[in-house]
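> Quick one, what's the 3D model for this:
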Amino acid sequence: MERRDDNYYEANASDIRLEDITSSKMNAKTLGRLRDGEISQLCLGEHEGWDEFRLGEGNDLGWLGYFIGKSEFLRELTIQYLPEDDEGRGQQIHALSDGFARNQSIQKVVIDKLSRNGFDAIARALDNLSQLEELSLHQRRNAGLNWCSTLGTLLESGVWKLKNLQLSSNGIDDAGVAAFAHGLRSIGSSLKELDLRWNSIGNEGLSALVAALANCTSLETLDLSYNDFSVAAAGLRSLSDWLQTAVLNLNELSLRECGINDEGLQALAEAVNHCKDLDLADNDSITALGLRYLSALLQSESCHLGNLYFGWMDIEDDVAEVLARGLVGNKMLRRLHLRVDGQEYFPISPAGWNVFSTALCDTSTVNNTYLSNHTVQELYYWEHGDEEYFNIHESVALYLQLNKEHPQYAARCKILMNHAHLDMTPLLQWELKFLPLAVGWFEKAQPCTTLSIDDIDPDYERQVLEESEESFQSRVLTSLFEFVRGMTEKVLERREELALVAAYDDKIAMAAMVKEESDRKISQLEGENKRLRGIMKSLRQALDKALEE
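All right, here's what the predicted structure looks like:
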């Protein structure tokens, strides 16, 4: 193949016959649609189709690269195969990548299992795609240290708008993470999703990754599932520390089947307050002891966790008790999945389900019912009919469905369902000030009599309260009557207290009058005494004068 430049392709583009530069009619049609702006997604590989171009003998990859570079409508490019250099196609591969590098519209690139030379050629082209937002690289566990270094250079040099980086199933180990970590630092605040599933990352690699993510303040999804963190307590602690101190809003953290044990969970536990979805499924070394750390944090007011997954683990009664304790007071968690799709073994006994039932609705007192959990909607991945098979308590299914379908009425419905008589005595301390609040509570609870929820059988619904409107009104009047009657008793008690005070007031008034009279008489005596002293003084003066004469 002769060396061509842009001028060659521009000069011959209008005259070139697509049949002369492709190996099949389907490839010619695909190339024509690419040229005419009719393709937004294109796959290059070993198959041909409507939006697929088969790379093989008889195809001019230079022209393919030219039309890719010129396209203004191509948004996604998948490369599943490139011919090897030893097939005499090295020059054509470079021509393809040169054209690819000129494209200004591609936003997503998927590269699946290319040779080292093929990946290097495409990586050079990716350097120029500053508009790229999503990059997915899958080497089927064949990536080595050099591949990771090339990736780091690519991330560092060109794709500064990258939002989604998919690196699953590449066999990346601790050294590999260190090799491309500098590239992650360069991406910085643009990155929103990072997928590193099915690799060989351990403790040192996790610590290096966390350090590299320091600038990724827009990260929303981090998937580290299927790596080996069985002895990575230090790395997990660094991950937790980063989540607590970083300025970011992480939505999803996935650590499925990472070999995490109780020590690792203790190191990670604080992270539950700083993400919305946490997947810990299939970490079967975690026991009730380790879950105590997580359970305590679920009760924290700062907990933002909305979904927590524990499927494919030995969730028995001791674990159920610890997790149920964490639900008490939690107002954020919506899903606590103890079982995932396809999992048949579910060893929680009826006693274990009773613990969850109490967490969802503690019927011991009205106040405890009010303080129960009214937000969690799912405790398992289930289909209708599973309740009986897994010994799920009927009340658990009922309360979960109530939380899900009518969250604004859940607390009131549970109170009315489990407390036929509402004791108003504790409310009398607020006296008549509470009466409007009591009336308002019943008014807001009235819709509970008309609410329905899906039954175990999806074709049927059931009433939340088996209570008529008349029965509900009778309950309201009874409760308000008891309140008013209690207030009357309080008033009578108050009158007795007032009578006692009045009697003491009379005695005090009498004593005051006696004191006043005593003070008046004393004042009179002091005046008379003063008058007599004056008379005595005058007599002495008269006597002294008579003696002198």
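
> can we go C-alpha only for contacts and neighbour counts from here?
OK.

> how about stretch 28-46: buried residues?
28-32, 34-35, 39-45 (16 or more other CA atoms under 10 Å).

> name the element Lys276 belongs to?
In the assignment (DSSP states H and E), Lys276 maps to strand 275-279.

> and that strand, what other elements does it pack with?
strand 250-254, strand 307-309 (3 or more CA pairs under 8 Å, 6 or more residues apart in numbering; DSSP states H and E).

> Among the buried residues of stretch 28-46, which one lies nearest to Ile122?
Within the buried residues of stretch 28-46, proximity to Ile122 (CA to CA) peaks at Leu44, which comes in at 12.4 Å.

> need the contact list for the closest one.
With contact taken as CA atoms under 8 Å, 6 or more residues apart in numbering, Leu44 is in contact with 52-55, 77-81.

> For the most centrally placed residue in the chain, give me its contacts.
Against the mean C-alpha coordinate of the chain, by CA atoms, centre = their mean, the closest residue is Lys276 at 1.5 Å. Going by CA under 8 Å, 6+ apart, Lys276 touches 250-252, 304-307.

> Counting neighbours, which of the residues you listed comes out on top?
Counting neighbours by other CA atoms under 10 Å, Leu305 comes out on top of the contacts of Lys276 with 24 neighbours.

> Quick check: pLDDT value at the nearest residue in space to that residue that is not next to it in sequence.
Distance criterion CA to CA, 6 or more residues apart in numbering; nearest residue to Leu305, sequence neighbours excluded, is Lys276 at 4.2 Å. For Lys276, the pLDDT comes out at 93.

> Glu549 too?
So Glu549 comes in at 61 (pLDDT).

> Glu48 too?
pLDDT for Glu48: 85.

> Equivalent analysis for the one 10 residues further on, please.
The model reports Gly58 with a pLDDT of 90.

> just Ser302 next, same as before
85.

> Run a quick neighbour tally on the closest residue to it other than its chain neighbours.
Among residues not flanking Ser302 along the chain, Asn273 sits closest, at 6.0 Å (CA to CA, 6+ apart). By other CA under 10 Å, 18 other residues sit near Asn273.

> Show the average pLDDT along stretch 180-194.
90.

> Tell me the span between the first and last residue of that stretch.
13 Å (CA to CA, to the nearest Å).

> coming back round to it: mean pLDDT and distance to Asp317 for the helices and strands packed on strand 275-279 - can I get that in TSV?
Below are the helices and strands packed on strand 275-279 laid out as TSV (pLDDT from 0 to 100; distance: least, CA to CA, whole Å):
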stretch	mean pLDDT	distance to Asp317
strand 250-254	95	25
strand 307-309	94	17
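
> Reformat the ones you listed as JSON lines; add distance to Arg4.
Below are the helices and strands packed on strand 275-279 laid out as JSON lines (distance: least, CA to CA, whole Å):
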{"stretch": "strand 250-254", "distance to Arg4": "48"}
{"stretch": "strand 307-309", "distance to Arg4": "56"}
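
> ok, now how distant is the residue nearest to Leu305 from Asn249?
Distance, Lys276 to Asn249, by CA to CA: 9 Å.

> list the buried ones in the next helix or strand after the strand holding Lys276?
Next along the chain after strand 275-279, taking DSSP H and E as the criterion, comes helix 288-298. Residues of helix 288-298 classed as buried: 288, 290-298 (neighbour count, 16+ other CA under 10 Å).

> So for helix 288-298, mean pLDDT?
For helix 288-298, the mean pLDDT works out to 93.

> quick one: pLDDT of the residue nearest to Glu270 when sequence neighbours are not counted?
With CA to CA, 6+ apart as the criterion, Glu270 has its nearest non-adjacent residue at 6.2 Å, and that residue is Ser240. With respect to pLDDT, Ser240 scores 94.

> and Ser240, that's in a helix?
Yes. According to DSSP: H, G, I helix; E, B strand; the rest coil, Ser240 belongs to a helix.

> wait, doesn't it sit right on Ala269?
Yes. Judged on CA atoms under 8 Å, Ser240 makes contact with Ala269 at a distance of 7.4 Å.

> just for the stretch 251-400 of the chain, where's the confidence low?
Along the stretch 251-400 of the chain, the parts satisfying pLDDT under 70 run over 340-346, 381-391.

> what ranges do the helices span in it?
Using DSSP state H, counting those that start in this stretch, the helices of the stretch 251-400 of the chain run over residues 262-268, 288-298, 317-327, 350-360, 366-370, 386-389, 394-405.

> can you list those helices in JSON lines and add distance to Asn59?
Output for the helices of the stretch 251-400 of the chain, formatted as JSON lines (distance: least, CA to CA, whole Å):
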{"stretch": "helix 262-268", "distance to Asn59": "53"}
{"stretch": "helix 288-298", "distance to Asn59": "58"}
{"stretch": "helix 317-327", "distance to Asn59": "61"}
{"stretch": "helix 350-360", "distance to Asn59": "64"}
{"stretch": "helix 366-370", "distance to Asn59": "72"}
{"stretch": "helix 386-389", "distance to Asn59": "56"}
{"stretch": "helix 394-405", "distance to Asn59": "57"}
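
> Ok, which of those helices comes nearest Leu194?
helix 262-268 (18.9 Å).

> what's that closest one packed up against?
So helix 262-268, by 3+ CA pairs under 8 Å, 6+ apart, packs with helix 233-245, helix 288-298.

> okay, these in CSV with distance to Asn128 next?
What follows is those, written out as CSV (distance: least, CA to CA, whole Å):
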stretch, distance to Asn128
helix 233-245, 32
helix 288-298, 46
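
> circling back: closest one to Ala179 among the helices of the stretch 251-400 of the chain?
helix 262-268 (25.2 Å).

> which residues are contacting the closest one?
With CA under 8 Å, 6+ apart, helix 262-268 has contacts from 229-234, 236-237, 239-240, 285-287, 289-291, 293-294.

> For it, what is the distance to the chain centroid?
Here helix 262-268 is found 19 Å from its chain centre; the criterion is CA atoms, centre = their mean, to the nearest Å.

> try stretch 94-103
42 Å.

> just checking, His483 is part of a strand?
Check again: residue 483 is Phe, not His. No. According to three-state DSSP, Phe483 belongs to no strand; its state is helix.

> now the helices for the stretch 51-200 of the chain?
Using DSSP H, counting those that start in this stretch, helices in the stretch 51-200 of the chain cover 61-70, 90-101, 116-126, 145-157, 174-187.
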